[in-house]
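A.B. asks: Sequence and predicted structure below; questions after.
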Amino acid sequence: MAETPAVETFDLTRRFGDVVAVDRLDLTIEHGVFFGLLGSNGAGKSTTIKMLTTLLPPTSGRARVVGFDVARQAREVRAHIGYVPQMVSADAQLTGRENLLMFAKLYDVPRAERAARASEALAFMGLTDVGERLVRTYSGGMIRRLEVAQALLHRPAVVFLDEPTVGLDPVAKRAVWEKLRDLRARFGTTVLLTTHDMEEAEALCGRIAIMHHGRIVALGTPAELEAEVGPDATMDDVFVHFTGGAVDEGGTYREVARTRRAAQRLG
Amino acid sequence: MKEARIVRSLAHAAPRNASASFARYTLAVAEVEVRKLARDPTEVFTRSVQPALWLLVFGQVFGRLRAIPTGAMRYIDFMAPGVLAQSVLFTAIFYGIAVIWERDLGLLHKMLVTPAYRGALVLGKAASASARTVAQTVLIYAIALALGVHLSFRVGSLAVVLLAVVLGSAVFSTFSLVVACVVKTRERFMGIGQVLTMPLFFASNAIYPIDMMPGWLKIVARLNPLTYLVDLLRSFMVVGGTSAFGVGTDLAVQLVALVALVLVASKLYPSVAA
């Protein structure tokens, strides 16, 4: 199993009517890599993540996650991955621990281990002191860390994070980054995150793919990409170079509304 | 290899028994609803105001008028099971909005990316709705008792009423979930919910016997699952209540409707997150 890449896609395509959201994507992510998928709103990042997490069936092409086909072996894929959606995915009317215990059951964690796993996840994310408090009373950064904790209960091989720090203040953002780094260092977990925060991409990601109009237009380490653009290029320059536009360009009304809502809830 | 170890460590967590897993997923979803309900039971009380008014105002006035032929039964005894069924319907029919709410939040996406069977997630939602209506049933019994309804407190009768409430809520909340999966937005859902409740209620035997209806409405009422829920409740909730269709038919209608709706909802549920 170690020889199979964490994520592989072959000609992966998704259309919505006439719009091609993801266009014949070929992508390989090796185990243990911290992989960043960058792009403007509407570049196809979220659609790619939704296909890889089995939420959305591909129109054509194939994708395998930890060796399992996302269309034909969806349940096996789900057992081996963790997912943190962009939107708020913790239940505000439950305590942090209750949120974790529910997901431990949905993730088939054996009964005897559930309480210990929940405590471990709370401790790992620095939430031990607030575990018995209702999530309603949490700060934005605490909610995000709880959501990451929820996605780690079953010790997944690959974790997908969709815009993990959108709407967080710089301090909370750094706290989330630190936990994500710990995750890879301690468990060797493969992480795929989408972001349009260039600072985040540079701070976390060992490899970066830039998506534009449903295709990957650049792929490499942050240093390689910068070198390709010019001697003093920053990640922002890299982004403009490959996509021909600024980071926040694009996005439909619905996407913008959703991002703002998520930001508002976390803020 | 580090990653190989992680992948292997999951093997023990793989489900061994599908039906035990199905039950566990369902209970996990329903359990959090019970916790929330216990933490904030306000809604159970506010939702019992309407049935109280129906029994108090409608029941008293029409009981005095004697406009509705209910045979040997007093009108208030006749309508009390109908009001309980109404309370089940009105609570459950709006339950599907939870899925739209959870979709907007992202909770739905996260639940769909677990190995839990989609059918179990749907049935868990149905069980959550049932937990709410069972709590309301206790209050409605208290109100009905205060108004002098001849309630039956035999253990067997209470057990059947409980089963009927659980099944009825599951049926209508899953129907609601199907509607939510189709319309996908809160505004459209609320509109459709409003349009559905009154016809379902009035085209049933809840507050008058089917015999009183014109021919076309009789047909509609016979196709309405609420009619069979009312019939079941009427045979067990009050002293001297009788069933028009037979308890077996009443239960079979609820079960068949539930299974069919859960199957449809399981297919539609994932599309809400897409």
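C.D. replies: Yep, it's here. Numbers count the residues shown, from 1 in each chain, chains lettered A, B, ... in the order given.
A.B. asks: Tell me, how many residues neighbour the closest residue to chain B within the stretch 51-200 of chain A?
C.D. replies: As assessed by Cβ to the nearest Cβ, chain B sits closest to A:Met87 within the stretch 51-200 of chain A, at 3.0 Å. No exception for glycine: its C-beta is placed from N, CA and C like everyone else's. A count of nearby residues for A:Met87, using other Cβ atoms under 10 Å in any protein chain shown, gives 24.
A.B. asks: Work out the gap between stretch B:113-124 and the centre of the chain.
C.D. replies: In terms of Cα atoms, centre = their mean, to the nearest Å, the centre of stretch B:113-124 is found 19 Å from the chain centre.
A.B. asks: And for the nearest residue to the residue of the stretch 51-200 of chain A closest to chain B once chain neighbours are set aside, the neighbour number?
C.D. replies: Excluding the flanking residues, the one nearest A:Met87 by Cβ to Cβ, 6 or more residues apart in numbering or on different chains is B:Gly106, at 3.0 Å. Neighbour count for B:Gly106, taken as other Cβ under 10 Å: 23.
A.B. asks: Touching, B:Gly106 and A:Val88? I think so.
C.D. replies: Yes: at 5.7 Å, B:Gly106 counts as touching A:Val88 under the criterion of Cβ atoms under 8 Å.
A.B. asks: and the residue of the stretch 51-200 of chain A closest to chain B, what are its phi and psi?
C.D. replies: phi -80, psi 170 (degrees, to the nearest 10).
A.B. asks: wait, it sits on B:Leu108?
C.D. replies: No: using Cβ under 8 Å, A:Met87 is not in contact with B:Leu108, being 9.4 Å away.
A.B. asks: For the stretch 101-250 of chain A, which residues are neighbours of chain B?
C.D. replies: Contact residues, the stretch 101-250 of chain A versus chain B (Cβ under 8 Å from any Cβ of the partner chain): A:102-103, A:105-110, A:147, A:150-151, A:154-157, A:187-190.
A.B. asks: Any of these buried? List them.
C.D. replies: A:102-103, A:105-109, A:147, A:150-151, A:154-157, A:187-190 (16 or more other Cβ atoms under 10 Å in any protein chain shown).
A.B. asks: Please enumerate the strands of the stretch 1-150 of chain A.
C.D. replies: Under the criterion DSSP state E, counting those that start in this stretch, the stretch 1-150 of chain A contains strands at A:7-16, A:19-29, A:34-38, A:60-65, A:68-69, A:81-84.
A.B. asks: Out of the ones you listed, which gets nearest to B:Gly168?
C.D. replies: strand A:81-84 (35.1 Å; Cβ to Cβ).
A.B. asks: Most distant residue from the centre of chain A?
C.D. replies: Centroid-distance maximum for chain A: A:Pro231 at 30.3 Å, with Cα atoms, centre = their mean.
A.B. asks: hang on, that residue in a helix?
C.D. replies: No: using DSSP: H, G, I helix; E, B strand; the rest coil, the assignment for A:Pro231 is coil, not a helix.
A.B. asks: Can you list the helices and strands that the host helix or strand of A:Glu202 packs against?
C.D. replies: Here A:Glu202, judged by DSSP states H and E, is contained in helix A:198-204. Packing partners of helix A:198-204 (3 or more Cβ pairs under 8 Å, 6 or more residues apart in numbering or on different chains; DSSP states H and E): strand A:34-38, helix A:170-187, strand A:190-195, helix A:235-243.
A.B. asks: and with 6 Å instead?
C.D. replies: Secondary-structure packing of helix A:198-204 (3 or more Cβ pairs under 6 Å, 6 or more residues apart in numbering or on different chains; DSSP states H and E): strand A:34-38, helix A:235-243.
A.B. asks: Which positions in the longest one come out as buried?
C.D. replies: If I follow you right, that is helix A:235-243. Here helix A:235-243 shows A:235, A:238-239, A:241-243 as buried, counting by 16+ other Cβ under 10 Å.
A.B. asks: can I get the helices and strands packed on helix A:198-204 in TSV with mean pLDDT and distance to B:Leu217?
C.D. replies: Converted to TSV, the helices and strands packed on helix A:198-204 look like this (pLDDT from 0 to 100; distance: least, Cβ to Cβ, whole Å):
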stretch	mean pLDDT	distance to B:Leu217
strand A:34-38	95	58
helix A:235-243	86	63
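A.B. asks: List just the one of those that sits closest to B:Phe78.
C.D. replies: strand A:34-38 (63.8 Å).
A.B. asks: Run the angle between the closest one and strand A:190-195 for me.
C.D. replies: For strand A:34-38 against strand A:190-195, the angle by axes from the mean of the first three to the mean of the last three Cα atoms, to 10 degrees is 20 degrees.
A.B. asks: ok, and what's touching strand A:34-38?
C.D. replies: Here strand A:34-38 makes contact (Cβ atoms under 6 Å, 6 or more residues apart in numbering or on different chains) with A:29, A:45, A:184, A:191-194, A:201, A:204-210.
A.B. asks: now for those residues, which pair is the farthest apart?
C.D. replies: A:Arg184 and A:Ile210 (21.4 Å).
A.B. asks: ok, the two, which is more surrounded?
C.D. replies: Remark: of A:Arg184 and A:Ile210, A:Ile210 carries more neighbours, 25 against 17, as counted by other Cβ under 10 Å.
A.B. asks: dump the residue contacts of that one.
C.D. replies: A:38, A:217-218, A:242.
A.B. asks: before we move on, back to that, now the buried residues of helix A:235-243 as TSV including distance to B:Gly124?
C.D. replies: Converted to TSV, the buried residues of helix A:235-243 look like this (distance: Cβ to Cβ, whole Å):
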residue	distance to B:Gly124
A:Met235	44
A:Val238	46
A:Phe239	43
A:His241	49
A:Phe242	45
A:Thr243	43
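A.B. asks: In terms of distance to A:Arg64, which of those residues ranks first?
C.D. replies: A:Phe242 (26.5 Å).
A.B. asks: Just to check, that closest one is in contact with A:Leu219?
C.D. replies: No: checked against Cβ atoms under 6 Å, the pair A:Phe242 and A:Leu219 is beyond contact range at 9.9 Å.
A.B. asks: Select, out of the helices and strands packed on helix A:198-204, the one closest to A:Glu98.
C.D. replies: Set against A:Glu98 and scored by Cβ to Cβ, those come closest in strand A:34-38, at 30.4 Å.
A.B. asks: what angle separates the closest one from strand A:7-16?
C.D. replies: Strand A:34-38 and strand A:7-16 meet at an angle of 20 degrees, taking the same axes, to 10 degrees as the criterion.
A.B. asks: Report the distance from strand A:34-38 to the chain centre.
C.D. replies: 8 Å.
A.B. asks: repeat for stretch B:176-185
C.D. replies: Average the C-alpha atoms of stretch B:176-185, do the same for its chain, and the two points are 16 Å apart (Cα atoms, centre = their mean).
A.B. asks: which outside residues touch it?
C.D. replies: Identification of contacts with stretch B:176-185 by Cβ under 6 Å, 6+ apart yields B:93, B:95-96, B:99-100, B:189, B:192, B:264-265, B:268, B:272.
A.B. asks: Please produce a ChimeraX select command covering the buried subset of these.
C.D. replies: Per 16+ other Cβ under 10 Å, the buried members of the contacts of stretch B:176-185 correspond to this ChimeraX selection:
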select /B:93,95,96,99,100,189,192,264,265,268,272
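A.B. asks: which one of the contacts of stretch B:176-185 is nearest B:Leu217?
C.D. replies: Distance to B:Leu217, by Cβ to Cβ, is smallest for B:Ile93 among the contacts of stretch B:176-185, at 20.0 Å.
A.B. asks: Show me the residue at the heart of the chain, geometrically.
C.D. replies: Assuming you mean chain A. Centre-most residue of chain A, counting by Cα atoms, centre = their mean: A:Leu161, 1.4 Å.
A.B. asks: try chain B instead
C.D. replies: With distances taken as Cα atoms, centre = their mean, the residue of chain B nearest its centroid is B:Ser169 (1.0 Å).
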